[in-house]
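A.B. asks: the sequence and its predicted three-dimensional model are supplied below.
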Amino acid sequence: MKRWARRLLIGVPIGLVVIVVLVILTLNVYLATLPAAKTVRSLGVISIPAPFRITRPFIDYMEVHGQRLYVAFASHNLVGVIDTTTNRAIGTVEGLPRVHGVAIVHERGLGFASAGADNVVGVFNLTDNQLAKKIPGGLDPDAIIYDEKLHLVYAADHDGKTGILIDAQTEGVVATIDLGGEPEFCQADPGSGLIYQNLEDTSEVVVIDPQMRAVIRRYKLAPGEGPTGLALDAVNRRLLSAAGNKKLLVLNSDTGEVLADLPIGLLVDGVAYDSGLKRIYTANAIGTMTVIQQDSADHYRVLENAPTHFGGHSVVVDPATHRIYVAYFGRVAVYEPTPR
């Protein structure tokens with residue numbers, strides 16, 4: 001979660017909440033007057049069922065797995081479960097204070113969710129969405145992924161500046177790795193099992209070898225600054241890092257060489273890659289989604305900054321349907337790509 005989003009989630013006076021809501025409504029009215037997007041089409045909005053709380057609704061990371069979309073509803077301490085065939089909420093996982101993200105371990109029928117307020121990783125059953133266990137997760141576990149190659153769950157501790165490795169079979173912590181900076185999103189290479197981690201405060205991507213349990217390489221992101229979202233094109237060995245100074249950096253994942261520097265929208269947070277359509281989407285909280293076409297491993301074109309919703313900062317793509325999900329406050333907007 002980007003720093004500005006973290007600050008708004010953790011503590012905002014009620015009076016400011018009212019002002020923020022009015023500003024949001026005004027900006028969304030303005031966004032509605034912009035020309036229609038050419039690369040995506042809206043399919044509606046999904047609401048996450050949750051008890052009423054006097055707080056700013058905030059969804060952090062999302063994860064698509066099979067026909068389910070798992071939504072980390074951080075402000076309401078739960079994970080929303082959405083059926084992607086109907087785009088309707090069908091359940092929730094409760095008891096996860098300030099939940100940030102979800103990793104799915106399909107072969108065990110389990111989900112692992114990072115709960116930053118409790119400094120734990122919660123384990124829940126995919127069949128009944130019941131929380132089964134809590135594992136110590138360092139200091140403010142944030143982004144979380146599953147390394148399928150090595151059968152390890154990896155959680156990035158934002159405040160602890162460490163990475164936690166959890167054995168998916170035993171559900172126990174097997175290593176804590178010093179990262180040397182504040183981690184944001186991460187990716188695991190399905191071929192090698194290596195983990196790539198954005199560090200926001202040092203503007204780097206670090207490469208983690210889970211078998212060595214250590215950082216083995218550090219890639220500087222200049223001219224990018226303050227990276228948050230990270231996507232991986234595993235086939236072409238390319239990392240896609242969304243930087244806070246309105247840039248998307250394309251890196252060679254083996255060498256760290258910056259191959260492309262693309263302009264994106266203001267207040268970017270998440271980035272998603274559709275390997276089927278060769279499309280990249282960045283969620284810009286100013287109320288746009290930058291759509292980029294990958295012509296080849298080293299050639300990219302910005303197609304447009306499509307209007308979305310103010311506050312839309314997290315994005316994920318369903319690889320089966322190519323639908324794009326963008327989280328803004330307590331809701332999820334759904335889009336589909338239009339013909340190229």
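C.D. replies: Structure's in. What do you need?
A.B. asks: C-alpha from now on. contacts and neighbour counts both.
C.D. replies: OK.
A.B. asks: gap between the closest residue to Ala243 other than its chain neighbours and Val81?
C.D. replies: Using C-alpha to C-alpha, 6 or more residues apart in numbering and skipping the chain neighbours, the partner closest in space to Ala243 is Pro227 (4.0 Å). Noted for Pro227: a distance of 28 Å to Val81, by C-alpha to C-alpha, to the nearest Å.
A.B. asks: look at these two and report which has more neighbours.
C.D. replies: More neighbours surround Pro227 than the other of Pro227 and Val81, with 32 against 24 (other C-alpha atoms under 10 Å).
A.B. asks: the residue nearest to Ala243 reaches Leu240, doesn't it?
C.D. replies: No - because the distance of 10.1 Å does not satisfy C-alpha atoms under 8 Å, Pro227 is recorded as not touching Leu240.
A.B. asks: can I get stretch 285-292 in CSV? Just the C-alpha atoms.
C.D. replies: The C-alpha atoms that make up stretch 285-292 are tabulated as CSV, following Å, rounded to 0.1, in the frame of the first residue of the first chain:
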residue,chain,number,x,y,z
ALA,A,285,-5.8,7.3,-7.9
ILE,A,286,-6.4,10.6,-9.6
GLY,A,287,-9.2,8.7,-11.4
THR,A,288,-7.6,7.2,-14.5
MET,A,289,-6.2,3.9,-15.6
THR,A,290,-3.2,4.0,-18.0
VAL,A,291,-3.5,1.4,-20.7
ILE,A,292,-0.3,0.3,-22.4
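A.B. asks: quick one: end-to-end distance for stretch 310-324.
C.D. replies: For stretch 310-324, the end-to-end distance is 16 Å (C-alpha to C-alpha).
A.B. asks: chain center to that stretch, what's the gap?
C.D. replies: Offset of stretch 310-324 from its chain centre (C-alpha atoms, centre = their mean, to the nearest Å): 10 Å.
A.B. asks: just name the shakiest helix or strand of this structure by mean pLDDT.
C.D. replies: Ranking every helix and strand in the chain by mean pLDDT, DSSP states H and E puts helix 3-10 at the bottom, with a mean of 57.
A.B. asks: next, the contact list for the closest residue to Thr127 other than its chain neighbours, please.
C.D. replies: Sequence neighbours aside, Gly109 is the residue nearest to Thr127 in space, at 7.3 Å (criterion: C-alpha to C-alpha, 6+ apart). Gly109 sits next to 125-127 when contact means C-alpha atoms under 8 Å, 6 or more residues apart in numbering.
A.B. asks: same question for Pro49.
C.D. replies: 80, 89, 92.
A.B. asks: could you point out which element follows the strand or helix carrying the first one?
C.D. replies: Pointing back at Gly80 there. Gly80 belongs to strand 78-83 when assigned by DSSP states H and E. The first helix or strand that comes after strand 78-83 along the chain, using DSSP H and E, is strand 88-93.
A.B. asks: nearest residue to the most centrally placed residue in the chain in space, please, no chain neighbours.
C.D. replies: The C-alpha lying nearest the average C-alpha coordinate of the chain belongs to Tyr61 (C-alpha atoms, centre = their mean; 4.1 Å). Closest residue in space to Tyr61, ignoring its immediate chain neighbours: Gly101 at 4.9 Å, by C-alpha to C-alpha, 6+ apart.
A.B. asks: swap in Ala155?
C.D. replies: Nearest to Ala155 is Ile144, by C-alpha to C-alpha, 6+ apart, at 4.3 Å.
A.B. asks: distance of that neighbour from Ser47?
C.D. replies: For Ile144, the distance to Ser47 - C-alpha to C-alpha - is 23 Å.
A.B. asks: more crowded one of these two?
C.D. replies: The neighbour comparison of Ile144 against Ser47 (other C-alpha under 10 Å) goes to Ile144, with 28 against 14.
A.B. asks: can you map out the strands along the stretch 101-250 of the chain?
C.D. replies: 110-115, 120-125, 131-136, 141-147, 152-157, 162-167, 172-178, 183-188, 195-199, 204-209, 214-220, 227-233, 238-243, 247-252 (DSSP state E, counting those that start in this stretch).
A.B. asks: list the strands paired with the last one, with their directions.
C.D. replies: For strand 247-252, the paired strands and their directions (DSSP bridges) read strand 238-243 (antiparallel), strand 258-263 (antiparallel).
A.B. asks: average pLDDT for the first one?
C.D. replies: On average, the pLDDT along strand 238-243 is 98.
A.B. asks: could you check the angle it makes with strand 227-233?
C.D. replies: 160 degrees (axes from the mean of the first three to the mean of the last three C-alpha atoms, to 10 degrees).
A.B. asks: mind pulling up the pLDDT for the closest residue to Phe58 other than its chain neighbours?
C.D. replies: Spatial nearest neighbour of Phe58, excluding adjacent residues (C-alpha to C-alpha, 6+ apart): Phe329 at 4.3 Å. The per-residue pLDDT reported for Phe329 equals 92.
A.B. asks: before we move on, what about Met1?
C.D. replies: On pLDDT, Met1 comes in at 62.
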